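Enquirer: sequence first, predicted coordinates after that:
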Amino acid sequence: MIVSGRQLGNVASQFRGESLLYRPMASHAGIRSRKATSGERAGATFTYFKRLLIHYVWPQKRYLFPSIACTLVMAVTYCASIGATLPILKVMIADEGLHGWVDRFVAQKRLGCELINYKSILRDKVYYTPDNGTKPTPIPDNTAEVLAMKETSPLAQAGVRVGDFILAIDGKTGSIIDIYRGLVTADKAFRLTVRTANGERRDTHAVAPPAVETKYVLARRAVALIPASSQMATLLSVLGLLVAMAVIGNTARVFAEYFAALVNTRAIVDLRREMYSHVLNLPLSRFAESTSDTISKFTQDMGDIFRGLTNFFQKVLAEPFKAIGVVIFAMKLNWQLTVVVMLGAPLAIGLFRKLGKRIRRANRKLLAGYGQMLGRLESSLSGMRVVKAYTRENYERRKLFRIDRRLLRQQLHMQFIEALTSPLIETLGFIAGAAAIIYFAKGIFDHRMDHEEFMTMLICMAAIFDPVRKLSSVYPKLQRANAACRRIFELIDSPNEYAQDAGKPKLAPLQHAITFDDVTFRYPNADRPAVRNLSLTVEKGEIIAIVGPNGSGKTTLLSLLLRFFPLESGRILVDGQDINQVTLRSLRRQFSLITQESVMFHDSVSANIAYGRPSATPSEIEAASRKGFADEFIQQMPYKYETMVGEHGATLSGGQRQRIAIARAILRDAPILIFDEATSQVDPESEMKIHQALDTVLQERTAFIIAHRHSTIGGANRIVVMDDGQLIAVGTHDELAESCPLYRRLYETQFCNSE
């Protein structure tokens, strides 16, 4: 076939608009047609998605960095809101309150011990014997109990032991808040009055407290800014700070998602442009059978990639940051349990990888199926007149339904795997949560943990699990994007027909002759050659008409002249120079092409005429259209030369499309013309004008005319007769009518009847 452009026109129509946010970058040229490195394995996890990130997302770093910064702010505020749970609970539940809790925390760090608020409701009452020897007195609730100590603790050196209750500082009793404040603010040695494990009350040796670290001093000052006049005032202040963090976090989230969308759309535009540029430079043999799979890559595959990128920035970047922040906070509260919970991460990762491989394979099959569906749908819609004329609607419906059923099975298979991922992770999370509750409950029963810390750790475990749960739903989408990236990069990495021209000379304009030297060509998967052992010499300025039955190889022969397909054997020479040894662009610049199906692009009339010579002026375009007898109907159009012709020239008649194609060839002014006659569908007046225009185009040119009517071959210098890919005879009309039975039969049955 001579290239029709219809299929590629469908792809091209998607790229008429320009994104207002997109401006080409100089760095992008350097990444064109990069090949996957030799170390990349076809089945490697996220190999192709990584390539997308490196070569298409990273160049958008001026928008990527603000997005990541806003994501970090969002993660920090999220972690801060989780961390605020403990202060809120302390205000609402603990008798010591927020300020007392902070003082207890600083006192523990200063004195190297662990203190807990004694509550008799949680265990049997504890008594001590007063100094006056009266009956034992119960320890009052909210008394500081020493739960653990380091050997180097100043309390241990002063004689305090684990299990002692601190009753007074330097003989001054007070509330638990006063005790903790005294332990923090004391700037000189002090003595403690304690109730010992034996139930006795005694005074300790002098406690020499070390200086409070600066960070803890600053923490106390910051908390001191929060009102302590009442629990409600403290709670309102903490909640106000929490609301402020929520506002900041959500504002950061808005900008993070906006910048991420900006990065994603620009990366997709870059990828799609490179893909489209490469598709246009692929050999025509890639489109000899169907372009539906290629179109599917521009639509369905690109959609999967965009969704994968969106999930990557909204969740894969944000959720780990959130989880890491909460893990750090949880480690501060209880590092042993946090580490145990984190041991489940390798199991979750293993599940992700196992299911991800299956999703990637299933999605590749699904995307290929979409290509088949598009091909069948396009075939049915483009041939709708025939479908309806032959009442084959049910047949076409059943054909498409069978394809849809295959797609449905593939889609359901992939959806089942995706649906399985999140429940598996959630089940693991619930098991871990149950284990955590058992651990926390034991801590409370053993008096090693406050209720507030218990509830806060539960919230932390949930906050750690929530990002993992979200990532479990994202992972399948990333695998789908990875599968789509693989299909697209396989297309981008396929050989470019112009790449082989490096170092080759340009072809000079034809001076003497074109020679076909024992040419043979076979289409892929064909059982016999389309052209075989054909030899022919055409002199400059000669008009050659090529005739023969359908399928005899006429159009294929001229496609070989333009190097649309590689020869199986033989050579084609222009002035003795093999066309395979010159640059492809210089070869094709020698030709004007008028195809059997006149190709029109969805553009203005003037743009269609100037397609082969974009630099032509309006006056040159009009002059060419007058020579091609197109100006007369163009002037009657609503916007004359600026009128849009519609997809595939749908607003034009067959004769009008042919005359515009001839005007395009006249304007290009190439020395060699290829004309695949297609006048069977035009009225006699249009046919007459087409032949008059053709006479103008043929002046002083070498021409190859595929003829279907005798009126077309009348002006030919020689007629070439082909059958079954072979050259049968060459000569004038009179010579062939006398010596070639096939030509005579064609003349009697085809040419004469068409007159």
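Expert: Received the coordinates, thanks. Residues are numbered from 1 along each chain as shown.

Enquirer: who's in contact with the spatially most central residue of the chain?
Expert: Geometric centre of the chain, nearest residue: Ile305, 2.2 Å, by Cα atoms, centre = their mean. Residues in contact with Ile305 (Cβ atoms under 8 Å, 6 or more residues apart in numbering) are 52, 268, 271, 481, 484-485, 488. Where C-beta positions appear, they are placed from N, C-alpha and C, glycine not excepted.

Enquirer: for stretch 196-207, buried residues please.
Expert: For stretch 196-207, a neighbour-count test (16 or more other Cβ atoms under 10 Å) marks 196, 201, 204, 207 as buried.

Enquirer: next one: stretch 628-642
Expert: With burial defined by 16+ other Cβ under 10 Å, the residues of stretch 628-642 counted as buried are 628-631, 633-634, 637, 641.

Enquirer: now do stretch 733-745: distance to the chain's middle.
Expert: Relative to its chain's centre, stretch 733-745 lies at 61 Å (Cα atoms, centre = their mean, to the nearest Å).

Enquirer: end to end, how far does it reach?
Expert: Across its full length, stretch 733-745 reaches 13 Å end to end, with Cα to Cα, to the nearest Å as the criterion.

Enquirer: which parts of it are buried?
Expert: Residues of stretch 733-745 classed as buried: 733, 736, 740, 742-743 (neighbour count, 16+ other Cβ under 10 Å).

Enquirer: which one of those residues sits closest to Arg161?
Expert: Here the nearest of the buried residues of stretch 733-745 to Arg161, counting by Cβ to Cβ, is Leu742; it sits at 117.5 Å.

Enquirer: how about the contacts made by that closest one?
Expert: Neighbour list for Leu742: 548-549, 721, 723, 728-729 [criterion: Cβ under 8 Å, 6+ apart].

Enquirer: pull out the buried members of those residues.
Expert: Neighbour counting over these (16+ other Cβ under 10 Å) leaves 548, 721, 723, 728-729 as the buried ones.

Enquirer: what's the strand or helix carrying Ile546 packed up against?
Expert: Ile546 belongs to strand 543-547 when assigned by DSSP states H and E. Contacts defined by 3 or more Cβ pairs under 8 Å, 6 or more residues apart in numbering; DSSP states H and E place strand 543-547 against helix 554-561, strand 702-706, helix 710-713, strand 718-723.

Enquirer: would you turn those into JSON lines with mean pLDDT and distance to Ala610?
Expert: Below are the helices and strands packed on strand 543-547 laid out as JSON lines (pLDDT from 0 to 100; distance: least, Cβ to Cβ, whole Å):
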{"stretch": "helix 554-561", "mean pLDDT": "90", "distance to Ala610": "24"}
{"stretch": "strand 702-706", "mean pLDDT": "89", "distance to Ala610": "22"}
{"stretch": "helix 710-713", "mean pLDDT": "70", "distance to Ala610": "26"}
{"stretch": "strand 718-723", "mean pLDDT": "91", "distance to Ala610": "32"}
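
Enquirer: and the ones you listed: which comes nearest Lys215?
Expert: Ranked by Cβ to Cβ, the member of the helices and strands packed on strand 543-547 that lies closest to Lys215 is helix 554-561, at 78.5 Å.

Enquirer: between the next helix or strand after that closest one and helix 554-561, how many degrees?
Expert: Using DSSP H and E, the next helix or strand after helix 554-561 towards the C-terminus is strand 569-574. On the basis of axes from the mean of the first three to the mean of the last three Cα atoms, to 10 degrees, strand 569-574 is oriented at 70 degrees to helix 554-561.

Enquirer: pull the residues that contact strand 569-574.
Expert: With Cβ under 8 Å, 6+ apart as the criterion, strand 569-574 contacts 507, 510, 514-520, 533-534, 560-561, 578-580, 582, 587, 590.

Enquirer: in helices only, show me these.
Expert: Within those, residues falling in helices by DSSP state H are 560-561, 587.

Enquirer: give me the phi and psi for Leu192.
Expert: phi -110, psi 140 (degrees, to the nearest 10).

Enquirer: repeat for the one 10 residues further on
Expert: Backbone geometry at Arg202, expressed as degrees, to the nearest 10, gives phi -150, psi 160.

Enquirer: got it, and His708?
Expert: For His708, the backbone dihedrals (degrees, to the nearest 10) come out as phi -120, psi -10.

Enquirer: look at it and report its pLDDT.
Expert: According to the prediction, His708 has pLDDT 72.

Enquirer: again, but for Gln511
Expert: Here the pLDDT value assigned to Gln511 is 90.

Enquirer: what is the neighbour count of it?
Expert: By other Cβ atoms under 10 Å, the residues close to Gln511 number 10.

Enquirer: looks like it contacts Gln590 (just checking).
Expert: No. Assessed by Cβ atoms under 8 Å, Gln511 is found out of contact with Gln590, at 11.2 Å.

Enquirer: hang on, the earlier thing: how about the helix or strand encompassing the residue nearest to the centre of the chain: buried residues?
Expert: Applying DSSP H and E as the criterion places Ile305 in helix 302-311. Of all the residues in helix 302-311, those buried under the rule 16+ other Cβ under 10 Å are 302, 304-311.

Enquirer: could I get those residues as JSON lines with pLDDT and distance to Thr251?
Expert: Output for the buried residues of helix 302-311, formatted as JSON lines (pLDDT from 0 to 100; distance: Cβ to Cβ, whole Å):
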{"residue": "Met302", "pLDDT": "86", "distance to Thr251": "31"}
{"residue": "Asp304", "pLDDT": "85", "distance to Thr251": "31"}
{"residue": "Ile305", "pLDDT": "88", "distance to Thr251": "29"}
{"residue": "Phe306", "pLDDT": "88", "distance to Thr251": "25"}
{"residue": "Arg307", "pLDDT": "86", "distance to Thr251": "25"}
{"residue": "Gly308", "pLDDT": "86", "distance to Thr251": "26"}
{"residue": "Leu309", "pLDDT": "89", "distance to Thr251": "23"}
{"residue": "Thr310", "pLDDT": "87", "distance to Thr251": "20"}
{"residue": "Asn311", "pLDDT": "83", "distance to Thr251": "22"}
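
Enquirer: now those in TSV, with distance to Val162?
Expert: Formatted as TSV, the buried residues of helix 302-311 follow (distance: Cβ to Cβ, whole Å):
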residue	distance to Val162
Met302	66
Asp304	61
Ile305	61
Phe306	61
Arg307	58
Gly308	56
Leu309	56
Thr310	55
Asn311	51
